[in-house]
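Fold the following and give me the result.
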Amino acid sequence: MKTQDLVRIARERAGLTQAQLATRSGRPRETIARWETGRQEPSLSALRELVDAAGLELVIRLAEADDSLRDRVREQLDRLPLQRLAALLPADVNRDTLHALRWLAGAEIPTIVIGPVGAALQGGPQRPAEGQVEFVAADPTAMESHLAAAGLVPVDVESRWRDSDARAPWSLPRGGTLVLAARIPGTRDFPDLRRGAQWIDIGQDRRVRVAHPRDLLRMAEASPSDSERARVPGLRALLGEIS
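The predicted structure follows:
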């Protein structure tokens, strides 16, 4: 990940504008803007101070270099989005995942795909464990009504009722699972993710919006779930290739 990504992620995770972060850190807003665009690079001490002003901690670790993830990312980026899914999922799981994605593409409420399937569509190298399509909605309450009216069946799991990082699974009658996510750590949900989200073609003249890899990474880093945090190296490798 580049320094400019760290600056932007810290600011966005704190829910601050550049001007607000400038006030907190004592740095000119123009300097922060130059750091975020990569026109200027802060020193390590300046970066630590900025992250601290955002109410976060910059943690640096040394690890053995692993080129295998980057190699797998390059292979995935050479494929089209649906080919990326097919390379990572068993045929039956892939079929259900595509069914869920195409249903979501036709939904009345604007949505953004996140999680392992979103990462796979963007070129992430790690296999989505179950092929469930996680997403955020512009209006979660209206989305739940829309899902129920369309005949999807809610799955009663504990994660549905959490105060933070809520996950509400809904099963499609013909196979596949959609998971409505809300109050995600590290983001302000749909309004936050919409800025960087990208449209991806999923066939049959349908498209879905998918969160940017940078946003997928900050969600994974902030997640309380071990399985989510395990995707961090793959997302970092993906960002390294597309930046």
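
Distance across stretch 103-120, terminal residue to terminal residue?
18 Å (CA to CA, to the nearest Å).

buried set for it?
103-105, 107, 109, 111-120 (16 or more other CB atoms under 10 Å). Any C-beta I mention is one placed from the backbone N, CA and C, and that applies to glycine too.

ok, now how distant is G240 from R127?
20 Å (CB to CB, to the nearest Å).

what does M219 give?
Distance from M219 to R127, by CB to CB: 18 Å.

before we move on, what about V155?
22 Å.

do the same with A142
32 Å.

what does D67 give?
From D67 to R127 the distance is 19 Å (CB to CB).

Quick check: phi and psi at R207.
phi -140, psi 150 (degrees, to the nearest 10).

sec struct for P169, please.
strand (DSSP: H, G, I helix; E, B strand; the rest coil).

okay, now the nearest residue in space to it that is not next to it in sequence: neighbour count?
Leaving aside its chain neighbours, P169 sits nearest to V155 (4.0 Å; criterion: CB to CB, 6 or more residues apart in numbering). Neighbour count of V155, defined by other CB atoms under 10 Å: 14.

Next, the contact list for V155, please.
A168, P169, W170, S171, T177 (CB atoms under 8 Å, 6 or more residues apart in numbering).

Between A142 and R127, which has more neighbouring residues?
Shown here are A142 and R127; by other CB under 10 Å, R127 has more neighbours (16 against 12).
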